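K.L.:
No sequence on hand, only this structure:
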């Protein structure tokens, strides 16, 4: 399988598959309170069987070409991930997302990994619109959308009940021509 280096700091993007259930559960247990501050990701994974079920759901989505899950490893330790929550190649739209445990924060891992995912979605699969949804209270997530060059499309007011509160969701997006232009500018800066 693939392992894509995300830089000189030992960070890698790799498949996150059902056979990683024990490692995935340990990762969630280390960061569960932090991870679920704004999203319920992993709340149903409370033992090896339920962790495997979460990973199997995304493996099935990958097989159906409707979504996928990818882990972020730092020095060989799973610390988070990025995903296609939905992927519609026929219509050229997808939604991306992420999660991290505290040990993975502040290193730019999500931004670097997301560039790989969006490059692939736009370049290899012909995706035209990539969306990012984040709680208005989740400033780190909104900052990733900004770093990726996304535009804020709007706010869905009190649309998302989480932990007994109705949260606002910000919708950000980048279109394929914008993405290509920004990546070309980045490549030009590097030379």
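P.N.:
Done, it's in. This one's a predicted model, so the numbers in the text were calculated from it and none came from an experiment.
K.L.:
burial of the closest residue to residue 163 other than its chain neighbours, as a residue count?
P.N.:
Leaving aside its sequence neighbours, residue 163 sits nearest to residue 36 (Cβ to Cβ, 6 or more residues apart in numbering; 8.0 Å). From N, CA and C alone the C-beta is placed, and that goes for glycine too. Other residues near residue 36 number 16, with proximity taken as other Cβ atoms under 10 Å.
K.L.:
go on, the one 4 residues further on?
P.N.:
Each residue near residue 40 was counted by other Cβ under 10 Å, and the total is 11.
K.L.:
Check the gap between it and residue 138 for me.
P.N.:
Using Cβ to Cβ, to the nearest Å, one gets 13 Å for the distance from residue 40 to residue 138.
K.L.:
now the residue nearest to residue 163: how far from residue 176?
P.N.:
Counting by Cβ to Cβ - residue 36 and residue 176 are separated by 32 Å.
K.L.:
Also residue 99?
P.N.:
25 Å.
K.L.:
between the two, who's got more neighbours?
P.N.:
Ranked by neighbour count (other Cβ under 10 Å), residue 99 and residue 176 place residue 99 first, with 23 against 17.
K.L.:
Please give the element, helix or strand, for that one.
P.N.:
In this assignment (DSSP states H and E), residue 99 forms part of strand 93-100.
K.L.:
how about residue 32, what does it touch?
P.N.:
42-43 (Cβ atoms under 8 Å, 6 or more residues apart in numbering).
K.L.:
In terms of pLDDT, where does it sit?
P.N.:
Residue 32 carries a pLDDT value of 89.
K.L.:
name the element it belongs to?
P.N.:
Going by DSSP H and E, residue 32 is in helix 21-35.
K.L.:
Residues touching the longest helix anywhere in the chain, excluding its own?
P.N.:
Identified as the longest helix of the chain according to DSSP state H is helix 48-64. If you take Cβ under 8 Å, 6+ apart as the criterion, helix 48-64 is touched by 16-18, 20-22, 24-25, 28, 42, 44-45, 67-69, 83-84, 87.
K.L.:
Please name every helix or strand in contact with the helix or strand bottoming out on mean pLDDT in the chain.
P.N.:
Using mean pLDDT, DSSP states H and E, helix 176-189 stands out as the lowest-scoring helix or strand of the chain, at a mean of 88. Here helix 176-189 touches helix 109-123, going by 3 or more Cβ pairs under 8 Å, 6 or more residues apart in numbering; DSSP states H and E.
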